[in-house]
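Enquirer: My questions are about this predicted structure, shown below with the sequence.
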Amino acid sequence: MALLSVDELTVTFTGRGRRDVKAVSGVSFDVDQGQVVGLVGESGCGKSVTSLALMGLLPRRGVTVGGRAEFDGTDLLTLSPGRMRDLRGSQLAMIFQDPLSSLNPVVPIGVQVTEILARHRGLKGEAARKEAAALLDRVGIPDPTRRLKEYPHQLSGGMRQRALIAMAVACAPRLLIADEPTTALDVTIQAQILELLKELVDQQGTALLMITHDLGVVAGLCDQVNVLYAGRVVESAERRELFAAPTHPYAHGLLGSIPRLDAPRGEPLKPIRGSINDTIAWTDGCAFAPRCDRYTLECLQGTPALGEPRTPGHQVRCVNPVFSRGVDELRETALESDAVETAGTAAAADKEAGA
Amino acid sequence: MLRLVARRLLQLIPTLLGLSVLLFIWLNRLPGGPAAAMLGERATAADKARIEAALGLDQPVWVQYGRFLKRLSELNLGVSTQTGQPVWDEFTRAFPATVELAFVAMLIAIAVGVPLGYFAARRRGSWLDVTAVSGSLVGICIPVFFLAFILKAIFAVQLGWFPSFGRQTTGLDATEVTGFYVLDGILTGEFDAAWDAFMHLVLPALALSSIPLAIITRMTRASVLEVLGEDYVRTAESKGLSRSTVRGRHVLRNALLPVVTAIGLLTGGLLSGAVLTESVFAFGGIGSFIKTAIDERDYPVLVGFIMFIAAAYVVINLLVDLAYSIIDPRVRVH
Amino acid sequence: MSTKTDKIDRLAELTAAAETSAGAGLWVEAWRRLRASKMAVIGAVVIGVFVVVAIVGPWVAPYDPTAQLWRGEVFPNQNVFVGPRGENWLGLDHLGRDEFSRMLVGARQTLLVGVVATLLGFTVGALIGGVSGAALVLGGKVGQRIDTVVMRVIDIMLALPSLLLAVSVAAVLGQSLTTVMIAVGVVQIPVFARLLRGAMLAQGGADYVLAAQALGVRKRRIALGHVLPNSLSPVIVQGTLSLATAIIEAAALSYLGLGNPDAAVPEWGVMLAQAQRFFDSAPMLAVYPALGIIITALGFTLLGEAMREALDPKLRS
């Protein structure tokens, strides 16, 4: 059985005097022990809201959460706030997008690390400080005992994100949710942070839910990928399968929009037209229809069901799936992007060591 | 840290010098000049000339300013035309009363305002929030002296719960040590005197606290609301920390930073308010003294007191800035 | 995807945003939010009533507010006062004058003091702050020096507690209605100066200013055409709030005996100060003008706060 099993998760924001906004309208996916699962989509597709809902961090007022999210057999969505508090930080942990604003500016790094050790592992005083230093060391922060006394603004962007990761893995959680952990960082640092996450996940057997809009991150890290559009999973596949054969027109467009080094000079980039604002409700049909090239009237007959039109286990929510691009041609691209990823990581690691 | 203190102290010098120029100009611009002010309206021209020569007013302006500065530095501010006492002596006598009053008022404002603002923000939109916000809006719109008057009329005159004027019941034989009567009573073990002084403080302090209370409440509320939306509070929650840790260490600690700065700035208003409340309650501090000085056109006292109050204000803000640099690590480094 | 293209995009976005905010967009949006705010509506209604009373008051007042028409009925020394009755809706004051007429006529004086004082503080303060801010935005060593000197003077003014600053001014200029207006106005100068300079400084560092500079727009045009208009909103908000402060502060000056000495012309602050003496026997004589002051000040405060919220970009969704 999966470690985390999300089933038809819905999140609706109900403002006073305003129209209800459905941020997540029925997301389902599984995360297995030790697996890295990607949640991919453009901004506004509901991926961050999904992660906050799983962590129980959405405000209680003005938000309605539906569906189930079973973590090790218990439904996270109906858990009492107190029990959720016990789980957060110990079993479930999260890393956020902007490391500077995610750290308390007036509390030393050391306290921010030890407080979680005190809460979940009962470590106090010298023992907590020792463990905190060991944690900082493990996430690759040099001179950890000195850093413990420092404040967030005294650390570099990469160091801050490492400190946040140290806090997240402090209690060896079984599931780690990373919400765009590299977006606010320089490209060189991005690769290092991803490498670190990979290492930690491998060492601890932690499952990782990776939320990102960066296909490079997906290619380098994820085992299983879920593509989100307008609050629903539109395609779910094993990583290589997805890169080799993107079948939903949205996923296809997403992968097709990546600029290619081997493209002929002067060839225009291929964006997906329109924006996520050009969306209809899923109940009226496929939300992607207004932006889709393959749109037919069948698209508007209610929510399309998830099917497996190409290979077993490769789920696609589309009535007009794309079969056009050859599997082999695309497989090459996927392998290439893997190679680029590792090369970049190595170069960046050298740089950091020098700095 | 020491360098910061030194730099801030150096920055004080031009401010105080500028203040002295302002006061000097003011003294010389008094209707009819200082000589007329001293002699009254029926002075003859000869008298006036004599006094002016004696005061050195026939000298060039910059010489006069130099002498004014010299006297200031010797704390020699002339003699009160009402009492015939040196202004400095009057000042030191009245100062503890005002400090005591302002201190208690500020204490009330902080002790009530911070929790009120905090809970109003946490329960945004509740009746507590609505009451706190509208109460603080009304609070800054009530003239302080009118509030003092109402409090006095109801709680002192009508109900008789508190004394209606002064700092101490007349005839009470209390030993004076510091000039802060409540403290004196406690220090000397004369607890009845301490209680008596405290009862005298309640109403004026309540009236005086109204504006800082309103402002601190609103600032705390706005600040807490802002901090509650910060990413680091979400991080703290994501770590599963206990509610009290999240609220104390992560919310309040950040939310109170701007409030600390405001407290410094509010002291100026507090001293203005003290002039009004003290005169309503005949409290016998600097405020009462300034009110009589205005009534009697006692200019040496006015100039001296304003200079000292401004200096006190500047020093208090310096202290607040230093306190701020201790609690906010981001300022400390620079 | 790269940070470079991100930056270019952001720049374009911000220039566009700056263009709209310098134009109508910001104000239209603020106006819409203002109308939706209960606070603003209540404030505006209170101010409206006050202004109407201030304008028509002297014509609709049933009696001459300065004439001691019922002198023989009031004996303050013996605690004999006349309360509300058919011909005098709010009773008589301590000299046997119609309190209702005095309240109506007094509104005009109170409004006059508030508006003139605030205008004075606004104009002079905005001028000083604008020069200082423009000097700083235009940059250069000279600009910085001008700013330092100006701000030092402003800091000195701020160091004086407002009431004492007003007292000093009033004492120098002698007692008159003009004095009260100047004294209360002078107190506001440093507030406006500080505010405008601060806002201009914040705007001066904004990305759209950098963008304008990169496009080769002349510095003076940037300072006057972009930075200044975008910095005005907090100053306008402060202006509204200052009207409340001015009215309260004028009342305080009256209480200290530095108000308009011409007691024949009714003004709420002076009326309140005078009525304090008879508070024990005729408390309502103090309560009427006090309520007038409190409600009016509250009206301006409500509108000012609502405007601040409407114009705050952080609160905009």
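Expert: Cool, the structure landed.

Enquirer: so who does the closest residue to chain C within the stretch 201-334 of chain B touch?
Expert: Residue of the stretch 201-334 of chain B nearest chain C, by Cβ to the nearest Cβ: residue B:272 (3.5 Å). Just so you know, the C-beta spots here come from the backbone N, C-alpha and C atoms, and that holds for glycine as well. Neighbouring residues of residue B:272 by Cβ atoms under 8 Å, 6 or more residues apart in numbering or on different chains: C:161-164, C:252.

Enquirer: Quick check: of those residues, which lies closest to chain A?
Expert: Nearest to chain A among the contacts of residue B:272: residue C:161, at 31.0 Å, using Cβ to the nearest Cβ.

Enquirer: sec struct for residue A:237, please.
Expert: strand (DSSP: H, G, I helix; E, B strand; the rest coil).

Enquirer: Number of residues surrounding it?
Expert: 25 (other Cβ atoms under 10 Å in any protein chain shown).

Enquirer: From residue A:319, how far off is it?
Expert: 18 Å (Cβ to Cβ, to the nearest Å).

Enquirer: Same question for residue B:26.
Expert: As for residue B:26, its distance to residue A:319 is 86 Å (criterion: Cβ to Cβ).

Enquirer: Tell me which of the two has more neighbours.
Expert: Counted by other Cβ under 10 Å, residue B:26 and residue A:319 do not tie: residue A:319 has more neighbours, with 20 against 17.

Enquirer: Around the closest residue to chain C within the stretch 201-350 of chain A, how many other residues sit close by?
Expert: With Cβ to the nearest Cβ as the measure, residue A:214 is the residue of the stretch 201-350 of chain A nearest to chain C, at 7.2 Å. Burial measure for residue A:214: 18 neighbouring residues, criterion other Cβ under 10 Å.

Enquirer: and residue 192, what element?
Expert: Reading this off chain A. Element membership for residue A:192, per DSSP states H and E: helix A:187-204.

Enquirer: sorry, should have said chain C
Expert: Residue C:192 belongs to helix C:177-204, assigned by DSSP H and E.

Enquirer: Give the buried residues for the next helix or strand after that helix.
Expert: Following helix C:177-204 in sequence order, the next helix or strand is helix C:207-214 (DSSP H and E). Burial within helix C:207-214, assessed by neighbour count using 16 or more other Cβ atoms under 10 Å in any protein chain shown, is assigned to C:208-209, C:211-212.

Enquirer: Buried residues of the next helix or strand after helix C:207-214, list them for me.
Expert: Note on helix C:207-214: by DSSP H and E, the next helix or strand toward the C-terminus is helix C:219-221. By 16+ other Cβ under 10 Å, the buried positions in helix C:219-221 come out as residue C:219.

Enquirer: average pLDDT for stretch C:72-87?
Expert: Mean pLDDT, stretch C:72-87: 75.

Enquirer: cool, and stretch A:22-30?
Expert: When pLDDT is averaged over stretch A:22-30, the result is 87.

Enquirer: Check what contacts that stretch and list those residues.
Expert: A:2, A:4-13, A:37, A:39, A:46, A:49-50, A:53, A:67, A:224, A:226, A:228, A:230-233, A:236, A:281-282, A:303.

Enquirer: Helix, strand or coil: sort out residue C:261 for me.
Expert: Taking three-state DSSP, the label given to residue C:261 is coil.

Enquirer: any idea of the pLDDT on it?
Expert: 71.

Enquirer: now it: how far from residue C:144?
Expert: Residue C:261 is 46 Å from residue C:144, by Cβ to Cβ.

Enquirer: ditto for residue B:233
Expert: Distance, residue B:233 to residue C:144, using Cβ to Cβ: 38 Å.

Enquirer: for residue C:80, same thing?
Expert: In terms of Cβ to Cβ, residue C:80 sits 67 Å off from residue C:144.

Enquirer: what do you get for residue A:37?
Expert: From residue A:37 to residue C:144 the distance is 55 Å (Cβ to Cβ).

Enquirer: Comparing the two, which residue is more hemmed in?
Expert: More crowded of residue A:37 and residue C:144, by other Cβ under 10 Å: residue A:37, with 24 against 13.

Enquirer: beta partners for that one?
Expert: residue A:209, residue A:224 (DSSP bridges).

Enquirer: Got the confidence number for the residue in the stretch 101-250 of chain B that chain C sits nearest to?
Expert: Nearest residue of the stretch 101-250 of chain B to chain C (Cβ to the nearest Cβ) works out as residue B:141 at 3.9 Å. You'll see residue B:141 listed with a pLDDT of 89.

Enquirer: Helix or strand: which one has the spatially closest residue to it that is not a sequence neighbour?
Expert: Among residues not flanking residue B:141 along the chain, residue C:297 sits closest, at 3.9 Å (Cβ to Cβ, 6 or more residues apart in numbering or on different chains). Assigned by DSSP H and E, residue C:297 belongs to helix C:284-311.

Enquirer: Does that helix pack against any helices or strands, and if so which?
Expert: Identification of packing neighbours for helix C:284-311 by 3 or more Cβ pairs under 8 Å, 6 or more residues apart in numbering or on different chains; DSSP states H and E yields helix B:127-141, helix B:144-151, helix C:25-36, helix C:38-60, helix C:99-138, helix C:228-255, helix C:268-275.

Enquirer: any residue of the longest one up close to chain B?
Expert: No - for a cut-off given as Cβ under 8 Å from any Cβ of the partner chain, helix C:99-138 has no contacts with chain B; the smallest distance is 12.2 Å.

Enquirer: That helix: what's the following helix or strand?
Expert: Heading C-terminal from helix C:99-138 (DSSP H and E), you reach helix C:140-159.

Enquirer: other SSEs contacting the helix or strand that comes right after that next one?
Expert: Once the chain leaves helix C:140-159, the next helix or strand it forms, by DSSP H and E, is helix C:162-173. The elements that helix C:162-173 packs onto, with contact taken as 3+ Cβ pairs under 8 Å, 6+ apart, are helix B:2-28, helix B:253-280, helix B:286-296, helix B:299-327, helix C:177-204, helix C:228-255.

Enquirer: could you dump these to TSV with mean pLDDT and distance to residue C:132?
Expert: Formatted as TSV, the helices and strands packed on helix C:162-173 follow (pLDDT from 0 to 100; distance: least, Cβ to Cβ, whole Å):
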stretch	mean pLDDT	distance to residue C:132
helix B:2-28	76	16
helix B:253-280	82	20
helix B:286-296	79	32
helix B:299-327	78	20
helix C:177-204	84	5
helix C:228-255	84	12
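
Enquirer: Now render these as a markdown table, adding distance to residue A:163.
Expert: Output for the helices and strands packed on helix C:162-173, formatted as a markdown table (distance: least, Cβ to Cβ, whole Å):
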| stretch | distance to residue A:163 |
| --- | --- |
| helix B:2-28 | 28 |
| helix B:253-280 | 18 |
| helix B:286-296 | 52 |
| helix B:299-327 | 22 |
| helix C:177-204 | 30 |
| helix C:228-255 | 37 |
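
Enquirer: For the stretch 151-300 of chain C, which residue gets nearest to chain A?
Expert: At 17.4 Å from chain A, residue C:207 is the closest residue in the stretch 151-300 of chain C, using Cβ to the nearest Cβ.

Enquirer: do you know how far that residue is from residue A:24?
Expert: In terms of Cβ to Cβ, residue C:207 sits 33 Å off from residue A:24.

Enquirer: With residue B:238 instead?
Expert: From residue B:238 to residue A:24 the distance is 19 Å (Cβ to Cβ).
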